[in-house]
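S.K.: Fold the stuff below for me.
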Amino acid sequence: MARLNVNIGALKLKNPVLTASGTFGYGEEFADFIDLSRLGGFIIKGTTLNHREGNPYPRMVETPSGMLNAVGLQTKGVDYMIEHIYPRIKDAGSEVIVNVSGATVDDYVAVCEKLAPLDAINAIEVNISCPNVKQGGMAFGTSCSGAAEVTRAVRRAYPKNVIVKLSPNVTSIADIAKAVEAEGADSVSLINTLLGMSIDVERQRPHLSTITGGLSGAAVRPVAVRMVWQVAHAVKIPVVGLGGIMNGRDAIEFMLAGARAIEVGTANFIDPAVTIKIIDYMNDYCERHGVDDINDIVGMI
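M.R.: Sure, this is the predicted structure:
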């Protein structure tokens with residue numbers, strides 16, 4: 001068996017496989033399908049300071065080799081998560097990471113201050129890249145100054161591991177990555193969804209209530225791999241890769257491009273056990289290629 005342990009800054013993972021926020025609920029929804037303790041970690045759904053209803057329906061539609069979503073960060077808020085969800089998932093046996101979002105910088109800070117005392121949560125993923133909310137979200141992640149402002153404030157409020165999730169809907173994602181690195185991010189994750197649109201030609205109206213939404217799935221993978229490769233060569237902090245990872249082969253592709261760990265998203269909707277299959281594939285891949293430590297393949301390209 002190969003050594004699959006990886007470190008994302010100070011965060012130690014038993015293997016590189018994480019789940020992408022918004023595709024894995026709070027983790028417990030998948031407990032009937034997989035052993036959560038086998039994962040490197042799971043990132044729970046986007047958490048905000050206050051309750052959010054999300055966007056009106058319809059807010060999901062299939063597209064060729066992917067899907068568009070405009071859920072809009074539906075959540076009951078951080079206090080509900082701490083009181084009702086945290087006690088049920090804190091002993092899952094793998095790292096629990098909270099995806100944090102906000103409409104203002106102060107919102108991000110307030111959520112981080114509430115999460116900091118939780119012993120079983122050693123990292124947050126700061127979402128400055130969601131394209132499906134009218135305030136905050138991607139608005140912070142499309143400029144170096146906005147990304148830096150949020151990261152600076154979160155870094156002061158949260159003493160543990162800070163992962164910043166980057167938007168692909170920018171001119172230079174490497175510049176954004178360097179901006180958050182300079183403000184104290186421990187790592188970056190990319191990519192979030194690409195902004196897309198789909199129209200029902202018979203009804204002559206958009207499929208989504210919000211007109212546009214976030215494109216995910218296999219269709220975005222070549223773009224995501226390219227951006228991971230660019231960012232891995234631009235920053236010194238670890239990179240977490242995601243975007244269209246559907247199987248183990250895809251996951252290895254991201255690691256060769258420079259990702260230290262990967263997140264599985266849309267594939268969870270198709271096969272709820274895909275993460276375990278990816279872990280098994282990584283072991284098999286390392287054995288076939290004579291790799292004793294999976295860290296040795298990171299950034300080979």
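S.K.: which residue ranges form the strands in the stretch 1-150 of the chain?
M.R.: With strands called from DSSP state E, counting those that start in this stretch, the stretch 1-150 of the chain shows them at 6-8, 11-13, 17-19, 41-47, 60-63, 66-69, 95-100, 121-127.
S.K.: and Val154, which of those is closest to it?
M.R.: strand 121-127 (5.4 Å; C-beta to C-beta). Using the backbone N, CA and C atoms, a C-beta is placed for each residue, glycine as well.
S.K.: Neighbouring strands of that closest one in the sheet, and parallel or not?
M.R.: Strand 121-127 has these partner strands in its sheet, going by DSSP bridges: strand 95-100 (parallel), strand 161-165 (parallel).
S.K.: Which pLDDT does the model give Tyr80?
M.R.: For Tyr80, the pLDDT comes out at 97.
S.K.: Could you measure from the residue nearest to it when sequence neighbours are not counted over to Gln74?
M.R.: Nearest in space to Tyr80, with sequence neighbours left out and distances taken as C-beta to C-beta, 6 or more residues apart in numbering, is His51 at 7.4 Å. For His51, the distance to Gln74 under the criterion C-beta to C-beta, to the nearest Å works out to 9 Å.
S.K.: quick one, which of the two is more surrounded?
M.R.: Gln74 (15 against 12; other C-beta atoms under 10 Å).
S.K.: farthest residue from the center of the protein?
M.R.: Residue farthest from the centre of the chain, counting by C-alpha atoms, centre = their mean, is Glu202 at 35.0 Å.
S.K.: Is that residue located within a helix, as I assumed?
M.R.: No: checked against DSSP: H, G, I helix; E, B strand; the rest coil, Glu202 lies outside a helix; its state is coil.
S.K.: Break down the stretch 201-301 of the chain into its strands, ranges please.
M.R.: According to DSSP E, counting those that start in this stretch, the strands that the stretch 201-301 of the chain contains are 205-206, 212-216, 239-242, 261-264.
S.K.: Adding mean pLDDT, write those out as JSON lines.
M.R.: What follows is the strands of the stretch 201-301 of the chain, written out as JSON lines (pLDDT from 0 to 100):
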{"stretch": "strand 205-206", "mean pLDDT": "98"}
{"stretch": "strand 212-216", "mean pLDDT": "95"}
{"stretch": "strand 239-242", "mean pLDDT": "98"}
{"stretch": "strand 261-264", "mean pLDDT": "98"}
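S.K.: And those strands: which comes nearest Lys12?
M.R.: In terms of C-beta to C-beta, the element of the strands of the stretch 201-301 of the chain nearest to Lys12 is strand 261-264, at 11.0 Å.
S.K.: so what strands line up beside the closest one?
M.R.: Strand 261-264 has these strand partners (DSSP bridges): strand 17-19 (parallel), strand 239-242 (parallel).
S.K.: which one of the ones you listed lies closest to Lys277?
M.R.: Taking C-beta to C-beta, strand 17-19 is the member of these nearest to Lys277, at 9.9 Å.
S.K.: In that closest one, which residues are buried?
M.R.: Buried residues in strand 17-19, counting neighbours by 16 or more other C-beta atoms under 10 Å, are found at 17-19.
S.K.: And those residues, which is closest to Asp35?
M.R.: Sorting those by distance to Asp35 puts Val17 at the head of the list, at 12.5 Å, by C-beta to C-beta.
S.K.: On the strand side of things, show who the closest one bridges to.
M.R.: Under the criterion DSSP bridges, Val17 forms beta bridges with Ile262.
S.K.: ok, it to Ile301 distance?
M.R.: Going from Val17 to Ile301 by C-beta to C-beta gives 20 Å.
S.K.: Equivalent analysis for Val170, please.
M.R.: Between Val170 and Ile301 the distance is 22 Å, computed by C-beta to C-beta.
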